[in-house]
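In: Here's a sequence, model it:
(chains A, B, C and D)
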Amino acid sequence: MADWMEQVREEARKLLQEGYDGVLGFRFRAGQIGPYLFRTPEEIDHLEVDTRIPTQMPPLFSQIQEGVPKYNLAKTLRLILRKRPDMRIGAVLRGCEVRAIRALQEKGEIDASNLKIINLVCPPEQAAICNCEKPSYDVFKCTGCWSCIEACPEDAITRINVCPILSPSEYNEGLSYRKAIYIKYPQGVPLKAVRDAETCLKITGKLDCKGCERVCQAEAIFHDDEEKIEELNVGSVILAPGFRSFDPKAFDVYLYSNHPNVITSLEFERLLAASGPTMGHVVRLSDHKEPKKIAWFQCVGSRDINRCDNGYCSAVCCMYAIKQAVIAKEHVGKDLDTAIFFMDMRTHGKDFERYYEKAREEHGVRFIRSRVHSVEVVSGTDQLEITYVTDDGSVSQERFDLVVLSVGLEITDEIRDLAKRIGVELNQNGFCNFSAFKPVATNRPGVYVCGAFQGPKDIPQSVMEASAAAADAGALLSPVRGSLIKEREFPPQVNVVNEPPRVGVFICHCGINIAGMVDVQAVKDFAKTLPYVEYVADNLYTCSQDTQALMREAIKEHNLNRVVVAACTPRTHEPLFQETLEAAGLNKYLFEMANIRNQDSWVHDDPEAATKKAKDLVRMAVAKAALLKPLDEPELSVNQEALVVGGGVAGMTAAKSLADQGFKVHLVERSSRLGGAALKLNSAWTGEKVEDFVRELVSDVEAHPNISIYLSSEIESVDGFVGNFRTVIKNGAGSKEINHGVAILAVGGKEYKPTEYGYGTDPRILTHLEMDELLKNGDARIKDAKCVVFIQCVGSREPERPYCSRVCCTHTLVSALEIKEKNPECSVFVLYRDMRSYGEREELYQKAREKGVIFIRFDRDRKPIVSSENGSIKIEVVDHVLQRPVALTPDLLVLASAIVPGDFEKIAQFFKVPLNEDGFFVEAHAKLRPVDFATDGVYVCGLAHYPKSIDESIAQAKAAAARAVTVLSKETVRFAGTVAVTDQRLCSSCGTCVNICPFSAPSFNDKGKAEVNPALCKGCGLCVASCRSGAIQLLGFDDAEIFSMIECA
Amino acid sequence: MKRLVLTKDELTAWVRRMTEGVRVFAPVAVGDYDEFRLVDSDQADLIRWSYQNTRLSPKGLFHPQAERMFKFSTSKEDPEWNILKEVPKDFSPRVIVGMRPCDAAALKIMDVNFDTPEYKDPWWVRRREATTIVGLACTSPSSTCFCTSVNSGPFDTKGLDVLLVPLGDGRFLLDVVSERGEELCQQFGPGGKEADSEAIATYEGLKKKAEAALVPIGDLSPLKERDMLEFFNSPIWDEVQFACINCGVCTYLCPTCWCFDIQDEVYESEGCRLRLWDSCMFPLFTLHGSGHNPRAEKLQRVRQRFMHKLKYYVDKYGQGVACVGCGRCVQFCPVNIDIREVIRLMLVQCECAV
Amino acid sequence: MFDYTEKIREIARRLLQEKKVDGIIGFKKGTIPMMNQPVFITSPDRVELLHWDSWCGVNLANYLPKREGRIGIVAKGCDTRSIVVLSQENQVQRDQLYIIGVPCRGMLDRRKVWEVVGSTDVKGIEEGNGKVRVWGNGFDLKLERSELLQNNCVICVHRNPVVFDELVADEVEEQSVDRYGDIRNIEAMSSDEKWNLFQEIFSRCIRCYACRNACPFCYCPQCFVDESRPQWVGKTIDRTDTLTFHLLRAFHMAGRCTDCGACERACPVGIPVRLLTKKLEKDVKELYGYEAGVQLDERPPLDTYKPDDPEDFIK
Amino acid sequence: MAEWEPKILAFLCNWCSYGAADLAGVSRLKQPPNIRIIRIPCSGRMNPKFILQALRKGADGVWVSGCHPGDCHYIEGNYYARRKFALFKNLLEYVGIEPERLHFSWISSAEATKFAAVAKDVVESVKKVGPSSRLIKREAEVE
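Out: Numbering: from 1, shown residues only, chains lettered A, B, ... in the order given. Next comes the predicted model:
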């Protein structure tokens, strides 16, 4: 090998001696291997030839996809040859690289006449890895498949070719690499490159590399930029530092550090992602082949005080593991065997239980209740054998291709440090201390907390808390609201109606991003010939400040009344250009973009085809532009008062939050007193007594000058839309109309009255709330009880109510502990299906077991049987450990009965908001908009949304208030101009639009014709496309405009 | 002028000879009905000499359902851009063989519109000039026919150059009724024998019998005599219009409906100006650019159609009604609106008024 | 079926006398054989005009959209299904109607008669005991009624009214038939064969819009072919424009068409336009399990969706 | 003679598939240059007549793409659209439009690779059936 390597180096030295300007090859620098242009014979000593197993590289770097070799020098060579065709250089190339160069030459991309190739024959092992059939330089005929270049990871992740540094990509969990100057991830907004100060050769002073600076035409890179410390004066601080996923390296029995086929769930997440290192292709890392069997181990770094200190449940892992298993089956195929090893399946979130059922029943994901002991390598294979104990105590073994560790959430030392500096108290797990009644407040006034820093939680819960923290901060800062806002001023709009179109076309080079592939001059010449085009310009960067000024001048000078920009994408840049139009006195809707970068120059490699496409795109945009009409953005005043429906904890909290933020609130409660379901609750899971809190909250609300309370009142009708609702409420005294800008629906939920387990036949059989009553009153029956049994999932997780009621397991634990505290001699049994003490509630579970509470698990098809025997209650259940029937005769039987929604039909219709199959309200987006409705100005919180604990209800109520304030804090609300409008003459009154609009924007007017309320319309165009008589048009995307584009395509 | 008797073979041979010199159009079966089509010498056998009526009238041969009038270029690079240029058409001599007298009479009515001293429609006039018409008498009119009530008849020669009369025994009497017909016979000798008195007697008998088979509607002169507004404001239209679905069957099948629309179509950089049939039954017929429609209601449209044929035309041209009694609309109106019934209603109304 | 006439008159007379309705939509005897005319009777002394026989193929629901007041309507099974669709689509209110339901053994097709007798000039026709006697110039034939049914009636599965206030006779037996044999045959063809077939079929079209206007569901104030901004469908008998019209017209019938056959019946040139609407009917049934005009409180299939609708065709 | 290249019209919803097309650009995922994209707010905006008109105007293929079911920016536009597309595609194929010309997909804004793959797939599929000859609106076929 060494001889062979030396031979290559000798060849290279010879070339340099012959007067070649350089030789391209590989070199290790700063611990990284990368392309290097060797300039002197001395440097050649560092020329690396065998780069097969670059140990410094992340595992997936060298072979991202089958058939793709490692770093392909052809790309670098192409850059050099194109930039410096005058240079005479040599290159040490493998067969695939040579073929790529030949292909580039054939396409006229480069001139390789001055290139001298030193051919390498890849060793057979390398050829095998690459699936290369032509490792030898004897075969030069490129198939033209381009996969060698196309699939290069460099291409997929970043375009910054010049930087020689490679580091594991954080975004891809180290499964691919990035440069020292890189774009964090392709969906990033704004899409900007960042430099890694730790590896950049220039910054670290290792080398005076200025590669990026040289190629950046926007001159955006300042190497001498320095870190600055800024001081901000703020009235409030919100802490959302997040979490770190648990690092399972310490778990040596799982072989995470030793075997490539044991990965964390986050790494697996990247494998599943379309934007990940394998583009969504699921592979095991040992050989990059598709696995046939995958196992997930739950509770890695959670619910574990033996191997780590994380006694809590991470709350999210069960659900994400199920999701990963289902998606993996979608990606790999139905035959993929997926098994999830778990202790308790915790799918307590909204709609999660259904997903779990579906994964098991429809997708065939296997669920195995066991904590896996260890993983061993099956020698001679890449497979892993796991050993686990099943329910019945037998030991099983099974082999898998890939093991995914469902790692938990934990708080890092940096975060603990941050908390210390700020003076915020943390609990033993490192999560922020809080009260169930102030879920986002810290011990330090003005400092709020949200997200996983407050406790392990999923996205919807985090988003709710984030809004809740904003609401609390907003209440604190409400006196100074709006004091830092600067209003932008625009000149009056020029009236262009009835003017013939005069289109200005601005074509962007985007540095070389467009101009490197598209012949901008040709597109410019072409644009001049198009109808109605009066002015055409090309700009290096059309989005730059000075181009905006030029554009404004051109609009004035040439009297342009429509503008087309051919550049990047309207999704990021339309608002910028629209603002320029407004600054020039043009209506912003007189603008159209041609996407000649993202959808053209960046995705094609044939300049001629790309230029042709750019011309077509410009012609289409000009054709549409000529038809564009100025659109109004109607502005309506906002009634800055709120309606809160429901006077429970959620409703009162929302009302109080709004009132504290300075807004008038009308609080409507159906019953004769405030308090709702919480009036019956004993204590929160944190141990705090609910009664005192509710009493205080009620008196705060009653005393609040901004809150009007309507008791024993119901809603009779609702009219209007965001900013301008009119609601009639009715009580015994009569009706009253309330005008309000927003509404919060906090209509609560109720305890399910069981029909099972003998409830109602015996006074000793209670529900949770009934037990709470006993506990609150210090009822003697508790002190006297010798045995108390809890039965879980009463009315939940059943075919007729297939959701988990979320709170009952914790409620049972809280009650059981209190019973144990009041009567330590009492034996307490909990009959359960899965203990769902998620998050830090897990500690209650732990404590209960410590205190001697006995937990017996049953399956849905083997439920406990409750009967009456000699005047006592008899319960028969099969013990899951002993596998034998057990009979219990408790003094009290507590049924953990479900939380069910009220009858929300009417109120849902009033506010035009949807209910799900279970009867709870459906939010606009389960994860990202958990308190909003699709209908603007209406929000949901509390049990009406889904069963939840009191702290979660409070957080959600505050979140709803924060969302409502986004409307209330403005005096006017402005609607988009791109809305649907109807032509009354053409309307056939068929009602399709009225029926299908998800936002209830169309309605019949008094003539029976459809009309669209622009305040409700979101501009989706569904009604337009569904209207047979063509009576509806979508402004900005009307039929004529779309037809004109079709015609010009 | 001369009258000849031809056997069917002789007749076919005559038409075949014509096809070799001029374009010949004749009724042929198209699916389950008959239509006028260009026939070549091989197709002369296929001519249907005993058809009832073509589904579509032969007016389309003179006034096509759609025809390109002009072409133009919209490309600025074309030196003649935006200049209308007439689309070249074949106006060479042609013969239409086998046209029923009612359809020929209809052409005379259409002339009133397209060929006037003030305006001569170039396409109509040139097609009329190029055409010689060999008619085919109706020896057994349909039960929906009423030509004798509307200034025509089963043996009417109005608008014809030659009339063929099937004599019932396989032979045809060929009656040359115009100079054009004479010229046709000179150009293409029909052969056959001079008609003898027996043939002529048969011809007269068939004519009488055919005329007798047609049920008269009544005296139409009140249509002329009564005031237009009395018809216009009459309550009968409410009843007449109810069933109407405003389709274009009556107008498109009618041999005398001449209304047309002008449309421009553009295809990338060139286009053409088209003329196409329109129908007063369509709401768009009278729709103004403003959106206003003076005949927005079905009643107004139905009334227009009948009033135009039976009153406005009568008043304006003094040549009777603009209907030849071919019965197509009677038979094919999907909802059985029967023009004979409408005429009767109008007449009854007149009687009442008198 | 002929005794229906008396019953219809009797009901109509009663309704008008009792002022339960402002008028009755029914048929009056046609002026020519094998045709009847829709008529609106508003006075009890005119009920004698009402008539019923096997030539009442016109779908009277076509006269309902936007009609005000209380209306009595004589309706066959298919017509009542159209009424259901029209009330779903807000064109008429159910409680505005008094539906005189006619259990139907199928309407007859005069094209079939013409074909058998070899002439379109039929002077008279009579019906009894499942036979039809037809006569004219040079013919006098007795035909099987079942041979002369309209094509849609042959495969009708809702011969009895689905909604009604009163029936003129006892319900007739429903048929169980394969409705889509012809559609499946076409589906099995190659693209080329399909294209040639439909090119041939629509080459006859004269764009008279009788098919459209005979349909109770073509009540739009302006049809898409008449759109002017942009005017995207040419108005001539150009093949592409003609096919465009037929395709979109059929698509607009998706989930609404009750296969009453009015379109095909009205066509003056005999185009089997139901080949398109039936294809859509079949797909709607197979994909979404929906049958048009059967349930008053259901939404038409394009006005609704199920999250798990079939989507095999979507990548 | 140069090899025939099809012209394909793609109607992409603004929020998902158009975003995916943009992201494919950011990720430099190469695609055939035959596709012309028209941005519409939602696949629910897609009127079947746009497909007809695209074919009439000579497009060799039509591709409509929206958000995955459940992910519609406008909540349920794509669900309604799905029914329209299914029926209309079937109808067009039924009268003889080659199935290879009509394509539908759900592509989220993160699925740049799927976008590029489907784009390739669409072009290849259209290439297989050659230039479009059906339903093209040319100069009116009349006298």
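
In: so how far is the helix or strand harbouring A:V1024 from its chain's centroid?
Out: Assigned by DSSP states H and E, A:V1024 belongs to helix A:1022-1026. Distance, stretch centre to chain centre, for helix A:1022-1026: 30 Å (CA atoms, centre = their mean, to the nearest Å).

In: Which elements pack onto that helix?
Out: For helix A:1022-1026, the elements it packs on are helix A:992-996, strand A:1032-1034, helix D:77-94, judged by 3 or more CB pairs under 8 Å, 6 or more residues apart in numbering or on different chains; DSSP states H and E. To be clear about C-beta, it is placed using only N, CA and C from the backbone, and glycine gets the same treatment.

In: For chain D, tell me whether stretch A:996-1006 is touching it.
Out: Yes: Stretch A:996-1006 comes into contact with chain D (CB under 8 Å from any CB of the partner chain), by way of A:996, A:998-999.

In: ok, back up a step: chain C is nearest to which of the helices and strands packed on helix A:1022-1026?
Out: Distance to chain C, taken as CB to the nearest CB, is lowest for helix D:77-94 among the helices and strands packed on helix A:1022-1026, at 3.9 Å.

In: Need the mean per-residue confidence for that closest one.
Out: Across helix D:77-94, pLDDT averages out at 96.

In: Next, the buried residues of that helix.
Out: Neighbour counts over helix D:77-94 (16 or more other CB atoms under 10 Å in any protein chain shown) mark D:77-94 as buried.

In: residues in contact with A:G902?
Out: A:747-750, A:944 (CB atoms under 8 Å, 6 or more residues apart in numbering or on different chains).

In: Any chance of the backbone angles for it?
Out: Taking degrees, to the nearest 10, you get phi -80, psi -170 for the backbone angles of A:G902.

In: distance of C:W232 from C:D241?
Out: Between C:W232 and C:D241 the computed distance is 10 Å (CB to CB, to the nearest Å).

In: Ok, B:P154 next?
Out: Between B:P154 and C:D241 the distance is 39 Å, computed by CB to CB.

In: do the same with D:R82
Out: In terms of CB to CB, D:R82 sits 29 Å off from C:D241.

In: so the residue in the stretch 101-250 of chain C positioned nearest to chain D, which of the three states?
Out: The nearest approach of the stretch 101-250 of chain C to chain D comes at C:W195, 2.7 Å away (CB to the nearest CB). Secondary structure state of C:W195, per DSSP: H, G, I helix; E, B strand; the rest coil, is helix.

In: That one: neighbouring residues, count only.
Out: Other residues within reach of C:W195, judged by other CB atoms under 10 Å in any protein chain shown, total 19.

In: Tell me if I'm right that it and D:Y94 touch.
Out: No: with contact defined as CB atoms under 8 Å, C:W195 and D:Y94 do not form a contacting pair (10.2 Å).

In: hmm, back to that, quick one: pLDDT of the residue of the stretch 101-250 of chain C closest to chain D?
Out: pLDDT for C:W195: 97.

In: Tell me which residues touch the residue nearest to A:F367 when sequence neighbours are not counted, please.
Out: Nearest in space to A:F367, with sequence neighbours left out and distances taken as CB to CB, 6 or more residues apart in numbering or on different chains, is A:I340 at 5.3 Å. Residues near A:I340 by CB under 8 Å, 6+ apart: A:295-296, A:298, A:321-322, A:325, A:365-368.

In: how about 6 Å then?
Out: Neighbour list for A:I340: A:296, A:321, A:367 [criterion: CB atoms under 6 Å, 6 or more residues apart in numbering or on different chains].

In: Quick one: mark the members of these that sit in strands.
Out: Among these, DSSP state E puts A:296, A:367 in strands.
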